[in-house]
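J.: Predicted model, plus sequence, below.
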2 protein chains.
Amino acid sequence: MSTPGFSSARPAYDLATLRARLDGLRMEDNPALIRQKSRDFYWYSPVLKRQLAEVTADLVVSVASEADIVRVLAACVELRIPVTPRGAGTGNYGQAMPLAGGVVLDLSGMDEVLEIAPGRVRAEPGAVLAEIDAQTRSRSGQELRLHPSTYRSASIGGFIAGGSGGVGSITWGGLRDLGNIISLTLLTMEAEPRRLRLTGDDLARVAHAYGTNGVIVEVEMPLAPACDWLEVIIGFESFAAAAAYGNALGEQDAILKKLVSVIAAPVPQAAFLRHRSFLPDGRHVALVMVDALAREAFEAFTRRFAGAEILFRSDRLAPEEAKGLPPLYELSWNHTTLRALRVDPAITYLQTLYPFPDQLALVSRIHEALGDEVAAHLEFVRFDGKVTCFGLPLVRFTTEERLAEIVALHEAMGAVVFDPHRYTLEEGGMKQTDPDQLAFKREADPHGLLNPHKMIAWEDPAFDFSGARTYLFPGIGA
Amino acid sequence: MSTPGFSSARPAYDLATLRARLDGLRMEDNPALIRQKSRDFYWYSPVLKRQLAEVTADLVVSVASEADIVRVLAACVELRIPVTPRGAGTGNYGQAMPLAGGVVLDLSGMDEVLEIAPGRVRAEPGAVLAEIDAQTRSRSGQELRLHPSTYRSASIGGFIAGGSGGVGSITWGGLRDLGNIISLTLLTMEAEPRRLRLTGDDLARVAHAYGTNGVIVEVEMPLAPACDWLEVIIGFESFAAAAAYGNALGEQDAILKKLVSVIAAPVPQAAFLRHRSFLPDGRHVALVMVDALAREAFEAFTRRFAGAEILFRSDRLAPEEAKGLPPLYELSWNHTTLRALRVDPAITYLQTLYPFPDQLALVSRIHEALGDEVAAHLEFVRFDGKVTCFGLPLVRFTTEERLAEIVALHEAMGAVVFDPHRYTLEEGGMKQTDPDQLAFKREADPHGLLNPHKMIAWEDPAFDFSGARTYLFPGIGA
Ligand SMILES: Cc1cc2nc3c(=O)[nH]c(=O)nc-3n(C[C@H](O)[C@H](O)[C@H](O)COP(=O)(O)OP(=O)(O)OC[C@H]3O[C@@H](n4cnc5c(N)ncnc54)[C@H](O)[C@@H]3O)c2cc1C
Ligand SMILES: Cc1cc2nc3c(=O)[nH]c(=O)nc-3n(C[C@H](O)[C@H](O)[C@H](O)COP(=O)(O)OP(=O)(O)OC[C@H]3O[C@@H](n4cnc5c(N)ncnc54)[C@H](O)[C@@H]3O)c2cc1C
């Protein structure tokens, strides 16, 4: 396999004129810094690490207002220069990586919380999730319903354009669910950018579209009560018992929860270094965030499970014990993967959904088939009104061929795989064209300049998703 | 069938000594007023109407404090006089009716809201639900998670001791779910009444125990955000379409809802008199209360259902139109029954649960089998982590035998029936002894003086629930 040569395949953009047009805006042209802002957590995947190693933008432009963005978009349309929006760059699959070079539009400076009201918040896209919550909490006793485990670094715009759900999904489902975003305002990629406000079904055009069809300039999100979340780790002798507990806790309608993760031994012991002293060898764990007001209800629930042992609870720590511990959600979702990777760089992962109602049986069957090569990690969520689980199984990486076999085995057995080793929307998602997103891209980005090569449907309408072939954009060799 | 003669079967209580012991408390001995306070909505059932017609207490004692209650309980234990607690008397199956006479303990004067905090409220048992919410709403932007449709009259103590759920159960499940009650404090029926605070699994001993094993003197309930609830009525050409819509709306995890009721034509047209002009003939309806912030999400959801027509929405009413309309929840749950009864006294009802996952198919099969004799009324709820529905079907009453046949047909086809034509805990519930409630009664009411004859397990431990025989307490003839 050869590494693609991007710079050679890439058209030469008129950067001099662009600079002149954007005079007064903050522009970065130090190649090392540009390279840094052209990256995300794509290196989780050994496949993408190889494919995207050389990807870099020509220029990073930082904006502080909508007027700034209008200038950048208008100039780039005129000069046919691609633009890739960027929040905090914590995306996973090269989402924010400028495959065709051009401009990385850094939105991190547009980070104001604009309005807090009962049940909702309006914010600029670059606002960091934890910063939004700091304000909604102190000013109104409310917080965002959902956040990725990258809560303390990720932006709200990047979460909506690149994420799917995470902490909170056990109660609220995912970003795809009607009601988890109230409205989005975006600017189109046109000579005269239009400002559009989307609600209802139209949100699906832009949410999880990787910024391919408009730049989000304002978000309006629902808020939930800011509970005092108790962090608890429960240990089990068998993984099946831990999974059954997680599922049953998910189904407790009246116990407010924010997190129910189940992780097979020996991952917790190996990867959760700061919590190590709480984690006896061999124990499979559930990580739980539960409303402190439901403390007794939660304890009563847990007592029903013979063999469930509370190993850790945040309300029973001595101050010395609490010091230096990361928040529990930073052991969950893709942070589990990150922590495992840190101690063993040969590890990679998958993203799966085990459909209701057979999720627990399916999980056991798959992990029985795969043995030690794949360690189970479940995240319980509400999905279409039922409790089920996503998986972020940890894979001992050997070859890309074997990784593909493991994906195929998951699919053959009945799991849905959202392949984190693909950088396109479709291959990382439902493996089919989203006609709404495509139609909207025609309107909002007629020249195909926003985050190019991420939407197969745009680039190659005839692409056959059922085949085994990976989509590779022009200029990339596999 | 003969009507039982209560007064003759009843022991003579030493009321003179009791009066002396309770000197200073408000006591009512006008027989007409005592009779009034010895009744609830038992007359919904033609069976109970016949069986309980003569039930009356000897004395109504009104209390304003815990100290008052201690005096009443101690004196009644000493004199072996039964005590039946009473909130607002809106219970249905003679729950608050003093089958053995004695004292009705009127708790409606003990109605203070004691504390409001983020996520919870503490209140005295006699506080009316809507009054609690008026305070939690204005002082904290919060409200109770659950309330019966008798919100504007029922007490919180009566709801917990006699109710099961209702408005809000589509999001939070029922009172039986761990987490929907934080704590209860009660007084035992002993010579020296003890004060016990219950949490977790212990709550099940007292919740829905009809006040047979302690007098609740304080409740601590979780609160939810007080949304601006939009009231919507959606019309459908077929009942199956309405039911499918209600179920699917229930499964929208991110659209906050408080009510999803589905009622077959011609009940809405016949019974919802004030809303009549919004209800075209023949249309089956869904009654919905949905978070106004989810307006666009809700509209997008509803648009997916061909044939779903919005007939009424509270945010589009002219002020003249809104005048005199009852709140939507007063068309739902047992208020549907009440309104139907008011226009046709020959109607009665059942209470059923259609278990997940076959609820919709089961509902159609049952109603197909029963035709016009029984009109479908569904209340969608979360139950054990899934969305399903309770039924409060309206039955054209002919004979008690036919009513029993209809119950049997429901059970034979797979529905669970909570028979509203029975006054005992067990027969109106799961048709088996609740060992926790029974064990706790031994502790909290060793002389069996609290609301006698309601717990079969106490009165007749050998009673065979599997048989067709109705439990009748001594002194009642069937
Ligand atoms: C350790 C770790 C844990 C994670 N956990 C989760 C998780 O629990 N749940 C989850 O969903 N994801 C998770 N992710 C993925 C990622 O963190 C989230 O998607 C995150 O919300 C991205 O935010 P960001 O600001 O870093 O976005 P970026 O990475 O900057 O951008 C993400 C995508 O959105 C686009 N974009 C950014 N801003 C805009 C805008 N204003 N308008 C239009 N498009 C825009 C970018 O072009 C890119 O395609 C995790 C990633 C890591 C590395
Ligand atoms: C039109 C209508 C609609 C209804 N809708 C619903 C509904 O949606 N959901 C639902 O669950 N129920 C419903 N019900 C039943 C009833 O309204 C509820 O159970 C209600 O909450 C009872 O409250 P109350 O104060 O009237 O109780 P009461 O009728 O006064 O008492 C109910 C029971 O609780 C006991 N009790 C009362 N206070 C105490 C106390 N402090 N300590 C111990 N025991 C006590 C009584 O002895 C009795 O057994 C409905 C009834 C009607 C008539």
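T.: Looks like it arrived, so ask away. Ligands and ions are numbered 1, 2, ... in the order given.
J.: As a check, name the ranges of all helices in the stretch 101-250 of chain A.
T.: A:129-140, A:156-162, A:169-172, A:239-250 (DSSP state H, counting those that start in this stretch).
J.: Please identify the most buried of the ones you listed.
T.: Counting by mean count of other C-beta atoms under 10 Å in any protein chain shown, helix A:156-162 has the highest mean neighbour count of the helices of the stretch 101-250 of chain A, with a mean of 29. (Glycine included, C-beta is placed from N, CA and C.)
J.: so how far is it off the chain centroid?
T.: Computed by C-alpha atoms, centre = their mean, to the nearest Å, the separation of helix A:156-162 from the middle of its chain amounts to 8 Å.
J.: wait, does that helix contact chain B?
T.: No - Helix A:156-162 is not in contact with chain B by C-beta under 8 Å from any C-beta of the partner chain; minimum separation 13.7 Å.
J.: what's the answer for stretch A:133-153, then?
T.: Yes - counting by C-beta under 8 Å from any C-beta, contacts between stretch A:133-153 and chain B involve A:141-142, A:145.
J.: Closest one of the residues you listed to ligand 1?
T.: A:R145 (12.9 Å; C-beta to the nearest ligand atom).
J.: The closest one: neighbour count?
T.: By the criterion of other C-beta atoms under 10 Å in any protein chain shown, A:R145 has 23 neighbours.
J.: how close does it get to A:V206?
T.: A:R145 is 18 Å from A:V206, where distance means C-beta to C-beta, to the nearest Å.
J.: so the residue in chain A that ligand 2 sits nearest to, which of the three states?
T.: Using C-beta to the nearest ligand atom, the single residue of chain A nearest to ligand 2 is A:A254, 14.8 Å away. Using DSSP: H, G, I helix; E, B strand; the rest coil, the structure places A:A254 in coil.
J.: so what's it up against?
T.: By C-beta atoms under 8 Å, 6 or more residues apart in numbering or on different chains, the residues touching A:A254 are A:294, A:297, B:145, B:172-173, B:177-180, B:222.
J.: follow-up on the earlier one: of the residues of stretch A:133-153 next to chain B, which belong to strands?
T.: Judged by DSSP state E, strands contain the following of the residues of stretch A:133-153 next to chain B: A:Q142.
J.: Report pLDDT for the residue nearest the centre of chain A.
T.: By C-alpha atoms, centre = their mean, the mean C-alpha position of chain A lies nearest to A:G163, the distance being 3.5 Å. We have a pLDDT of 96 for A:G163.
J.: In chain A, what helix or strand scores lowest on average pLDDT?
T.: Sorted by mean pLDDT, DSSP states H and E, the helices and strands of chain A end with helix A:6-9, the least confident at a mean of 47.
J.: Please work out which residues outside the helix or strand following that helix touch it.
T.: Beyond helix A:6-9 on the C-terminal side, the first helix or strand identified by DSSP states H and E is helix A:15-21. Residues from elsewhere that reach helix A:15-21 (C-beta under 8 Å, 6+ apart): A:27, A:58-59, A:71, A:75-76, A:78-79, A:81, A:103.
J.: and if we set it to 7 Å?
T.: Contacts of helix A:15-21 from elsewhere in the structure, counted by C-beta atoms under 7 Å, 6 or more residues apart in numbering or on different chains, are A:27, A:58-59, A:75, A:79, A:81.
J.: Report the buried residues of it.
T.: Residues A:15, A:18, A:21 are the ones in helix A:15-21 that count as buried (16 or more other C-beta atoms under 10 Å in any protein chain shown).
J.: in its sheet, what does the top strand by length along chain A sit against?
T.: Secondary structure of chain A per DSSP E: the longest strand is strand A:215-225. With DSSP bridges as the test, strand A:215-225 is paired with strand A:120-123 (antiparallel), strand A:142-144 (antiparallel), strand A:183-187 (antiparallel).
J.: element containing A:V395?
T.: Using DSSP H and E, A:V395 sits in strand A:394-396.
J.: Could you list every helix and strand that that strand packs against?
T.: For strand A:394-396, the elements it packs on are strand A:347-349, strand A:374-375, judged by 3 or more C-beta pairs under 7 Å, 6 or more residues apart in numbering or on different chains; DSSP states H and E.
J.: any idea of the mean pLDDT for that strand?
T.: pLDDT averaged over strand A:394-396 gives 97.
J.: after that strand, next one along is what?
T.: Next element after strand A:394-396 (DSSP H and E): helix A:400-413.
J.: Name every strand pairing with the following helix or strand past that next one and say which way it goes.
T.: Beyond helix A:400-413 on the C-terminal side, the first helix or strand identified by DSSP H and E is strand A:416-417. Here strand A:416-417 is paired, per DSSP bridges, with strand A:352-354 (antiparallel).
J.: Show the contacting residues for A:G157.
T.: By C-beta under 7 Å, 6+ apart, the contact set of A:G157 is A:87, A:107, A:125-126, A:216, A:219.
J.: residues in contact with the closest residue to it other than its chain neighbours?
T.: Closest residue to A:G157 apart from its sequence neighbours, by C-beta to C-beta, 6 or more residues apart in numbering or on different chains: A:P125 at 2.6 Å. Residues near A:P125 by C-beta under 7 Å, 6+ apart: A:87, A:107, A:110, A:155-157, A:216-217, A:219.
J.: same thing with A:A242?
T.: Taking C-beta under 7 Å, 6+ apart as the contact definition, A:A242 lies against A:236, A:262, A:284-286.
J.: give me that answer again for 10 Å
T.: Shown in contact with A:A242 (C-beta atoms under 10 Å, 6 or more residues apart in numbering or on different chains): A:234-236, A:261-265, A:283-286, A:305, A:307-308, A:376, A:378.
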